[in-house]
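Participant: Sequence and predicted structure, then a few things I'm wondering about:
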2 protein chains.
Amino acid sequence: MGDLLKEEDLDHWRKTHNSSEISPAIGDREVVIMGWVSSVRDHGNIQFIILKDMAGETQVTAKKSEVGEQLFAMIKEVKEHSSICVKGKVRPQEKAPNGVEVVPTEIRAFSIAQKAAPFMTQGKTSPVGIDTRLDLRAVDLRRNYLGSVFRIRQTVLNSIREFLSRQQFMEVSTPKMIATATEGGAALFPIFYYDREAFLAQSPQLYKEQLTMAFENVFEIGPIFRAEPSRTNRHLSEATSIDVERAFADYNDVMSLLERMIVNIVDSIKERNKADLQFLEISIPALELPFPKYTYSDLIDKLQEAGERIQWGDDISPQALKSLSDERMNGFYFIVDWPASAKPFYVKPSSADPKISESFDLMFGPLEMSSGSTRINRKDQLVERMQKQGLKPESFDYHLRVFDYGMPPHAGFGMGLERLLMALVKIENIRDATFYPRDIDRLAP
Amino acid sequence: MGDLLKEEDLDHWRKTHNSSEISPAIGDREVVIMGWVSSVRDHGNIQFIILKDMAGETQVTAKKSEVGEQLFAMIKEVKEHSSICVKGKVRPQEKAPNGVEVVPTEIRAFSIAQKAAPFMTQGKTSPVGIDTRLDLRAVDLRRNYLGSVFRIRQTVLNSIREFLSRQQFMEVSTPKMIATATEGGAALFPIFYYDREAFLAQSPQLYKEQLTMAFENVFEIGPIFRAEPSRTNRHLSEATSIDVERAFADYNDVMSLLERMIVNIVDSIKERNKADLQFLEISIPALELPFPKYTYSDLIDKLQEAGERIQWGDDISPQALKSLSDERMNGFYFIVDWPASAKPFYVKPSSADPKISESFDLMFGPLEMSSGSTRINRKDQLVERMQKQGLKPESFDYHLRVFDYGMPPHAGFGMGLERLLMALVKIENIRDATFYPRDIDRLAP
């Protein structure tokens, strides 16, 4: 067993190039590259190392005759996943991924892997179960598949911020520790707040509504918390929510905003993540505006015609939607005008028919992506709706009191970032759409 | 008492122009503007309304002789803070803020204020106490002063994201519900996590370190939670943290990154918030790179010379720093090379002198803005430091285990967004640097 390769500190080393800069254009420059070893191939007197960094990968080729015995012996000791530094010369190599290889003149180890990882980093799928991967999530995130997923996530976030900035939205942060359940539901995580009980916010709903008073157009991208008791592939206990709220607008206005936002996201991914889409073997179909719209009542009629046992007022399940076999329901579409009784207290009933609400769900196939509505902006109407839903207006005093000062008409929506990523990148388990998932069974890492 | 002006729904109304578009350039077009009433002036047969929206303000001028008796009577009923819609014609008016006024042809009320606000929205200061304002925060946020503060906050956030994107950083989200205290300290909020105890994250520290394994350069802008028992003007129970972590870098590299980020923020504010800086009467001085650096040991010597009773190893208080009367300490500067014992377990001791750590605090005057360091990237060293600080390595198993797979050398920092805003905009109370502050006494709104 050799021990030529020893762990060293960064001290005298500085990275000069990222892998993306290692191309034929670079000439025969000397480079210092740093990263982790994604694969090692031993061909006797020639040794190949694939070094990965944030920008991609570089092939390091060491021939014994070329690098000398001592360096060759050190390179023979390199193990997968170790963090290393290679100094060397770039030369053309047709067979290498980026048309060049690095011939090493020095090698240093920063951190030598002590174990072999229980999964490979190449390839789209992993043969081990998701729990094995999640237990070593930081190592799991080195997989090419997840690299592509999270680079696309970055594009989604950037694209949303760019789009909403152009529409003059202000990005806000609302408190995650709150005194009262926003929507009166269960599924809240309680906190000890000094000497009091408090809860983690399930959504920024009431705060973003309030903020339209001062800033008109606001959005927040932040964590939301739901004590989901179920074990499914599409629920998380902690998720990232994209919350948008606009004054002087109704649900039709924000549906139009939302569908244009989605088109903008898809266009950005197609433009900025070509290599990722190719690796994932995904082609996102062109989207047409406006997205199809179905009223809740029409869908209930159709489902009854299709033989489903469903009544007006019931929720519409993913299973039921699948039974309709409507092609336009494979992509994005809206279900609008839900029963007022099915929606939270702050959703505005239609003036024409108060059984119906000015509300929508954005769907992708059978999966709910986003939910939005016109909101009630009058105090008396809001109090009445609270009472109808069994909530105590006294508990919402901190919210109701600002309605005395000219709350504008407003509308908005919330959308789960992870759900959206699942739809766009065809991720089977929502846990792979977030860095460190939380669910009823998992609190670490 | 008139009741000509009644609340209406948005239904048939659509805003055509923002106040920023109401300028002489618009000609004598008909416009529909919407917003809230920031002031009403009654001059008998002439009535002035200042209508505010997200983009600024517009003067609405109604002469009885010009608008007719009925409309004039309606306009007489308009109260401050009400949300209204005005249709009218634009005409030049030298005395109005933007050189034009709107002569109304129709007026509609969406939401009529029921009360007079306990404070004015104009002016930089407010005569009422901060608690009165915070109890009606959404109304308080209509004040010109806070409008400027939060528009500058927006610039700070945009500027950080732009800067870090150019440096190829990936934006990440790490869990806010965690199993173990990150730094072993007190000041944690406990949660009921299903059937277990958990905590709210004080910082994304260990997660962002792990993520450098996979993504090299990462940052997060998100909430952190600290059960601060003290009542001061510079602590919050929930704050926004800017966390940056970089692989293959040490504390000198990230200090350089941080100071360039600060310069970039200041340049962006000067460019994008001219009107806000003017209103706030703030001129941010030009910053020079590099920022001054003081070693901890040198500062202790200086403080002892200045007669302070302080020993090597003690923390340096804001009061002590003020006693040095060093002009370079009025702006941004670094205090570097803190005692290892004063820093958390993950901070790397210097190889030359293990009593010292590769660490820094970024200061602005006597106020700490940011804290950073080179981190330990070897498991055995990390375990040793945990034990020295009385922490149980077993509790950190979920973290330590990934160190078996080639953790790169890395360094980073965390910076409080609200603290930074306080420094840049000279905010006296940190509560005014956040939308809805949380502290030991306040959990609502």
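Facilitator: That came in fine, so what should we check first?
Participant: So which bits of the stretch 251-400 of chain A are right by chain B?
Facilitator: With CB under 8 Å from any CB of the partner chain as the criterion, the stretch 251-400 of chain A comes near chain B at residues A:351, A:377-379, A:398-399. Glycine gets a C-beta too; all of them are placed from N, C-alpha and C.
Participant: from those, which two are the most distant?
Facilitator: A:S351 and A:Y398 (28.3 Å; CB to CB).
Participant: So for those two, which sits in the more crowded spot?
Facilitator: A:Y398 (19 against 9; other CB atoms under 10 Å in any protein chain shown).
Participant: Now name the helix or strand holding that one.
Facilitator: Using DSSP states H and E, A:Y398 maps to helix A:397-400.
Participant: Got the confidence number for A:Q154?
Facilitator: At A:Q154, the model reports a pLDDT of 98.
Participant: And for A:G2?
Facilitator: 65.
Participant: which ones are touching the residue of the stretch 251-400 of chain A at minimum distance from chain B?
Facilitator: Chain B sits closest to A:Y398 of the stretch 251-400 of chain A, with a gap of 3.9 Å, by CB to the nearest CB. Taking CB atoms under 8 Å, 6 or more residues apart in numbering or on different chains, we find A:Y398 in contact with A:179-180, B:135, B:444-445.
Participant: May I see the residues you listed organised as CSV, with neighbour count and secondary structure added?
Facilitator: CSV is the format used below for the contacts of A:Y398 (neighbours: other CB atoms under 10 Å in any protein chain shown; DSSP: H, G, I helix; E, B strand; the rest coil):
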residue, neighbour count, secondary structure
A:A179, 17, coil
A:T180, 21, coil
B:D135, 17, helix
B:A444, 17, coil
B:P445, 24, coil
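Participant: Greatest separation within those: which pair is it?
Facilitator: A:T180 and B:D135 (15.3 Å).
Participant: ranges for the helices of the stretch 251-400 of chain A?
Facilitator: For the stretch 251-400 of chain A, applying DSSP state H, counting those that start in this stretch gives helices covering A:251-272, A:274-280, A:296-305, A:318-322, A:379-388, A:397-400.
Participant: Among those helices, show the one with the smallest mean pLDDT.
Facilitator: Among the helices of the stretch 251-400 of chain A, helix A:318-322 scores lowest, at a mean of 90.
Participant: Can you list the buried residues in it?
Facilitator: A:320-321 (16 or more other CB atoms under 10 Å in any protein chain shown).
Participant: Please apply the same query to stretch A:188-200.
Facilitator: By 16+ other CB under 10 Å, the buried positions in stretch A:188-200 come out as A:188-189, A:191-193, A:198-200.
Participant: what's the domain layout of chain A?
Facilitator: A:19-111, A:139-433 (automatic domain parsing).
Participant: sorry, back to before: distance to B:A275 for the helices of the stretch 251-400 of chain A - can I get that in JSON lines?
Facilitator: Output for those, formatted as JSON lines (distance: least, CB to CB, whole Å):
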{"stretch": "helix A:251-272", "distance to B:A275": "27"}
{"stretch": "helix A:274-280", "distance to B:A275": "41"}
{"stretch": "helix A:296-305", "distance to B:A275": "46"}
{"stretch": "helix A:318-322", "distance to B:A275": "50"}
{"stretch": "helix A:379-388", "distance to B:A275": "34"}
{"stretch": "helix A:397-400", "distance to B:A275": "32"}
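Participant: Up against chain B, what does the stretch 1-150 of chain A have?
Facilitator: A:7, A:9-11, A:15, A:18, A:34-37, A:53-55, A:81-83, A:85, A:110-115, A:117, A:135-139, A:141-142, A:146-147, A:150.
Participant: The same query, at a cut-off of 6 Å, please.
Facilitator: A:10, A:15, A:34, A:36, A:53-54, A:81-83, A:110-111, A:113-115, A:138-139, A:141-142 (CB under 6 Å from any CB of the partner chain).
Participant: Of those, just the buried ones, ChimeraX syntax please.
Facilitator: Those of those that count as buried under 16+ other CB under 10 Å are selected in ChimeraX with:
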select /A:10,15,34,36,53,54,81,82,83,110,111,113,138,139,141,142
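Participant: What residues are bridge-paired with A:M415?
Facilitator: A:I242, A:S370 (DSSP bridges).
Participant: so it makes contact with A:I242?
Facilitator: Yes: if you go by CB atoms under 6 Å, A:M415 and A:I242 touch, sitting 4.6 Å apart.
Participant: got any residues that touch both of these two?
Facilitator: Counting by CB atoms under 6 Å, 6 or more residues apart in numbering or on different chains, A:M415 and A:I242 have no shared contacts at all.
Participant: Show the contacting residues for A:E197.
Facilitator: A:E197 neighbours (CB under 6 Å, 6+ apart): A:P190.
Participant: Could you count how many residues lie near A:T232?
Facilitator: So A:T232, with other CB under 10 Å, has 10 neighbours.
Participant: Tell me the secondary structure of it, please.
Facilitator: Secondary structure for A:T232, judged by DSSP: H, G, I helix; E, B strand; the rest coil, is coil.
Participant: so where's chain A shaky on pLDDT?
Facilitator: Where chain A drops to pLDDT under 70, the residues are A:1-2, A:182-186.
Participant: still on that earlier bit, any idea how far B:F48 is from the residue of the stretch 251-400 of chain A closest to chain B?
Facilitator: 34 Å (CB to CB, to the nearest Å).
Participant: buried set for stretch A:340-353?
Facilitator: Going by neighbour count (16+ other CB under 10 Å), the buried part of stretch A:340-353 is A:340, A:343-349.
Participant: distance between stretch A:125-133 and the chain's centre?
Facilitator: 20 Å (CA atoms, centre = their mean, to the nearest Å).
Participant: and if you look at stretch A:83-102?
Facilitator: Stretch A:83-102 has its C-alpha centroid displaced from the chain centroid by 33 Å (CA atoms, centre = their mean).
Participant: quick one: contacts for A:L289?
Facilitator: By CB under 6 Å, 6+ apart, the neighbours of A:L289 are A:E259.
Participant: Figure out the helix or strand that the residue most central in space within chain A lives in.
Facilitator: In chain A, the C-alpha nearest the mean C-alpha coordinate belongs to A:E418, at 3.9 Å (CA atoms, centre = their mean). Using DSSP H and E, A:E418 sits in helix A:417-425.
Participant: got the CA coordinates for that helix in CSV?
Facilitator: Provided in CSV are the C-alpha atoms of helix A:417-425 (Å, rounded to 0.1, in the frame of the first residue of the first chain):
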residue,chain,number,x,y,z
LEU,A,417,-40.9,25.5,-6.7
GLU,A,418,-40.3,21.8,-6.2
ARG,A,419,-43.6,20.8,-7.8
LEU,A,420,-42.8,23.0,-10.8
LEU,A,421,-39.4,21.4,-11.1
MET,A,422,-41.0,18.0,-11.0
ALA,A,423,-43.2,18.9,-13.9
LEU,A,424,-40.5,20.6,-16.0
VAL,A,425,-37.7,18.0,-15.4
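Participant: contact partners of that helix?
Facilitator: Contact with helix A:417-425 is made by A:149, A:152-153, A:239-240, A:242, A:364, A:369, A:430, A:433-434, as judged by CB under 6 Å, 6+ apart.
Participant: I'd like to check the angle between that helix and helix A:251-272, please.
Facilitator: 60 degrees (axes from the mean of the first three to the mean of the last three CA atoms, to 10 degrees).
Participant: in helix A:417-425, what's buried?
Facilitator: A:417-425.
Participant: nearest to chain B, of those?
Facilitator: Using CB to the nearest CB as the measure, the one of these that approaches chain B most closely is A:L417, at 8.4 Å.
Participant: Many thanks, have a good one.
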